[in-house]
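A.B. asks: Sequence and predicted model, in that order:
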Amino acid sequence: MLYSLADRYLIEHVEVKITAEETPAADTNNSTIDTEQVQQDDWNYSSADTSIQITKVETGSGSDKITYYVADVQLEQASLLQSAFAKNAFGRNITENTSTIAEANNAIFAINGDYYGFRDDGVIIRNGTLYRDEPTRDALALLSDGTMKSYNEEQLSSSGLLAEGVTQTYSFGPTLVKDGAIADDFDKVVIDTNFGNRSIQGSNPRTGIGMLAPNHYVFVVVDGRKENYSKGMTLSEFAQVFQDLGATEAYNLDGGGSSTMYFMGRVVNNPQGRQQERGVSDILYIAE
């Protein structure tokens, strides 16, 4: 019994090792960026093809206080938004801190992904490669034209997604905003029942991505579980943030202790309410 639990939730199972040849390379045009064009500080980054502005937001007070971080990101091309696996390997129970994966990939900015390695279902496409094809839930697709959309994995085939130009899929959820409207009734969201999971219905730390326009994204990370600093958000509150920001599409990624935002060599938020990152399977990041 103990071994089976360890095998399911602790022991690493590498299915695919990512080689250097398979790691996304920067566009040749990006490698010649004039360093004089780059402007940066602790909260902003601007170059010829990338703009990142991070804002810390605080609302409420005392036990009702919420602290979250919004990154407004504009890219010249969708290929600048990439994904990476912990330890450059796809499989179960393979984890590293978001900051560690980010640094290994020379990321300017990163957030945690969907923790795909904690489950064995979902459709997982990363950087244009299909790694898992077990459709089961509403997922997120990022496309090569700089757009994003939520979709039902059981209604769209992986081959169809790839033919459409999907470069990344994330299988977590739920969908927060679709066609500019907040998704219906989060109380009906079916959550995973894996060992150790918390309910996602209450106020919790959150990570999500939204799209304002093609190649214009907002990433939001909400801190939580720390009294007088941030209690976290419900899914309804989280969706409202994205709608208020002008997102036409938005999707909830892995939250709780995983919720992490990385920027220019540092973790911006306060993971787990104690400045302590939790290992994750994957990140979504921007590098130049």
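C.D. replies: Done, it's in. Worth saying up front: this structure is predicted, and the values here are computed from it rather than measured.
A.B. asks: alpha carbons only for contacts and neighbour counts from here, please
C.D. replies: Will do.
A.B. asks: In the stretch 101-250 of the chain, mark out all the strands, start to finish.
C.D. replies: In the stretch 101-250 of the chain, the strands defined using DSSP state E, counting those that start in this stretch lie at 107-112, 122-126, 129-134, 138-143, 148-152, 166-170, 175-178, 181-182, 206-213, 216-222, 249-252.
A.B. asks: any idea how far Glu134 is from Phe109?
C.D. replies: Glu134 sits 30 Å away from Phe109, taking Cα to Cα, to the nearest Å as the criterion.
A.B. asks: So the two - more neighbours on which side?
C.D. replies: Phe109 (24 against 14; other Cα atoms under 10 Å).
A.B. asks: wait, doesn't that one sit right on Tyr285?
C.D. replies: Yes: look at Phe109 against Tyr285 with Cα atoms under 8 Å: they come within range, at 5.6 Å.
A.B. asks: Quick check: neighbours shared by the two?
C.D. replies: Here Phe109 and Tyr285 share the contacting residues Ala102, scored by Cα atoms under 8 Å, 6 or more residues apart in numbering.
A.B. asks: Now do stretch 71-91: distance from first to last residue.
C.D. replies: End-to-end distance (Cα to Cα), stretch 71-91: 29 Å.
A.B. asks: Only the buried residues of it, if you could.
C.D. replies: 71-75, 77-91 (16 or more other Cα atoms under 10 Å).
A.B. asks: what's the answer for stretch 47-63, then?
C.D. replies: Buried residues in stretch 47-63 (16+ other Cα under 10 Å): Ser47, Asp49, Thr50, Ser51, Ile52, Gln53, Ile54.
A.B. asks: Take those residues and keep only those in strands.
C.D. replies: Under the assignment DSSP state E, those contribute Thr50, Ser51, Ile52, Gln53, Ile54 to strands.
A.B. asks: So what sits opposite the third one in the bridge?
C.D. replies: In other words, Ile52. Using DSSP bridges, the bridge partners assigned to Ile52 are Tyr45, Val73.
A.B. asks: Pull the contacting residues for it.
C.D. replies: Taking Cα under 8 Å, 6+ apart, one finds Trp43, Asn44, Tyr45, Ser46, Ala71, Asp72, Val73, Gln74 in contact with Ile52.
A.B. asks: Need phi/psi at the closest residue to the fourth one other than its chain neighbours.
C.D. replies: In space, Ser46 comes closest to Gln39 once its chain neighbours are excluded; the distance is 5.1 Å by Cα to Cα, 6 or more residues apart in numbering. Torsion angles at Gln39 (phi, psi; degrees, to the nearest 10) stand at phi -120, psi 130.
A.B. asks: How about the one 3 residues further on?
C.D. replies: Asp42 has phi and psi values of phi -70, psi -20 when expressed as degrees, to the nearest 10.
A.B. asks: To what extent is it buried, counted in neighbours?
C.D. replies: When neighbours are counted by other Cα under 10 Å, Asp42 comes out with 12.
A.B. asks: what's the spacing between it and Val267?
C.D. replies: Distance of Asp42 to Val267, given as Cα to Cα: 11 Å.
A.B. asks: and what of Val166?
C.D. replies: Between Val166 and Val267 the computed distance is 29 Å (Cα to Cα).
A.B. asks: So for the two, which sits in the more crowded spot?
C.D. replies: Val166 (26 against 19).
A.B. asks: surely the more buried one meets Gly128?
C.D. replies: Yes: using Cα under 8 Å, Val166 is in contact with Gly128, at 6.8 Å.
A.B. asks: okay but Phe242 is in contact with Gly210, surely?
C.D. replies: Yes: taking Cα under 8 Å as the definition, Phe242 is a contact partner of Gly210 at 6.6 Å.
A.B. asks: got any residues that touch both of the two?
C.D. replies: Counting by Cα under 8 Å, 6+ apart, the contacts common to Phe242 and Gly210 are Val218, Ala250.
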